[in-house]
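Colleague: Here you go, sequence then predicted model.
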Amino acid sequence: MSDTQLRFVLRPAVYTDLPAVERIAGASPVGVISLPRSREKLFDKIAASQAALSSEVSGCGEESYFFVLERSSDREVVGTCAIVASAGFDEPVYHFRNDTLIHACRELNIHHRVHVLSLCHDLTGSTLLTSFVLDPQYRFGSTAELLSRARMLFIAAHRQRFSDHVVSAMLGPCDDEGHAPLWDALGRHFFGIDYPLAEFYCGVKGRSFIAELMPQHPIYVPLLPPEAQDAIGQIHPFSRLPCEILMREGFDTERYVDIFDGGAVVQARTEEIRTVAQHKQATVRVHPLGSAAAEYLIANLELSGFRACIARAAFDALKGEVWLAEEDCVRLGVVPGASVVLAPL
């Protein structure tokens, strides 16, 4: 059965999801540090999310929100995603910034532009989208849109909790054995450890050691081996789907890359993200749907009870009403007269 025939609900992760989340983390590639292969850290991730969802928040702070995608038929968890309200709240978030240095000599009539990578923490304080992992059998269809874009509806519904700027780091080129061209050419010389171990330290111990060991001066890209140069700004096959979804949402990839594997870092102004900009709030009405219905991404306005799904609905923009089937109201945990947010699928 294809995912177009199945129904899914995105909801906050709870403690009983830990075994499923652990299974998903274990199947993800090396380098996905936002879903570490550590039962203790995954438990802490769920705990931090539960605490954030139960807190009264009036601004963008240290909160993180962790979600799972549940198949409605048997409640099996098939994917995860997360939002960090303010990246680097406790410690800076480091990236390489793509810069250009000008080398010029008037006497020799030379004017040369050189690509350099500059260590920075420009994106500290941005809202961070992380932990997008989806069962491979559902990566070709609208289920991936739900897993990624439901986070934008959560941000839109609780706008005060998030930054004016949103970023997401894509996994860069690396092989199954954990060899990353950029790391092998650069990071290994300063850290003295393999790429998988460096990513593990980031996921479990944090990133404070980066500033202590990484070179503070610009890295001249032409001095790197060709394969390392080619890796800069590229995306691992695992991250192509989430990156494509975010690019359709209006994110761009021009400025920053990951300091370990060189993967692209995508960014956007929050209000310019397609789902945030186009979302509408509407009052729920229950009725059997006719031919006028279309598919929408819909979510309730709850925190710990947040639910999002893809459903056929009839939206009346003039009245601010959305007509849903009763079974979809059940999936969303709403009753007639409740408010929801929705965006075109």
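Modeller: Cool, the structure landed.
Colleague: Quick one, grab the pLDDT at residue 92.
Modeller: pLDDT, the model's per-residue confidence, is 77 for residue 92.
Colleague: That one and residue 123 touch, don't they?
Modeller: No. Under the contact definition of CB atoms under 8 Å, residue 92 does not touch residue 123, with a separation of 9.2 Å. Placement of C-beta: from N, CA and C, glycine included.
Colleague: Point out where the stretch 201-345 of the chain drops to low pLDDT.
Modeller: Confidence mapping of the stretch 201-345 of the chain against pLDDT under 70 gives the ranges 201-212, 289-292.
Colleague: again, only this time at 80
Modeller: When the per-residue scores of the stretch 201-345 of the chain are filtered using pLDDT under 80, the ranges that remain are 201-215, 254, 288-292.
Colleague: Next: the stretch 1-150 of the chain.
Modeller: Regions of the stretch 1-150 of the chain meeting the criterion pLDDT under 80 cover residues 1-6, 29-33, 89-92, 103-112, 140.
Colleague: quick one, helices of it?
Modeller: 18-27, 39-53, 142-157 (DSSP state H, counting those that start in this stretch).
Colleague: going on from the last one, what's the next piece of helix or strand?
Modeller: Going back to what we said before, that points to helix 142-157. Secondary structure here is assigned by DSSP states H and E; on that basis, the next helix or strand after helix 142-157 toward the C-terminus is strand 165-169.
Colleague: what helices or strands is the helix or strand just after that following strand leaning on?
Modeller: Scanning forward in sequence from strand 165-169 by DSSP H and E, the next helix or strand is helix 181-182. Counting contacts by 3 or more CB pairs under 8 Å, 6 or more residues apart in numbering; DSSP states H and E, helix 181-182 packs against helix 226-231.
Colleague: Which residues belonging to the helix it packs on are considered buried?
Modeller: Using 16 or more other CB atoms under 10 Å as the burial criterion, the residues of helix 226-231 that qualify are 228-229, 231.
Colleague: which helices and strands does that helix pack with?
Modeller: Under the contact criterion of 3+ CB pairs under 8 Å, 6+ apart, helix 226-231 touches helix 181-182.
Colleague: which of the buried residues of helix 226-231 lies closest to residue 142?
Modeller: Nearest to residue 142, judged by CB to CB, of the buried residues of helix 226-231 is residue 231 at 31.5 Å.
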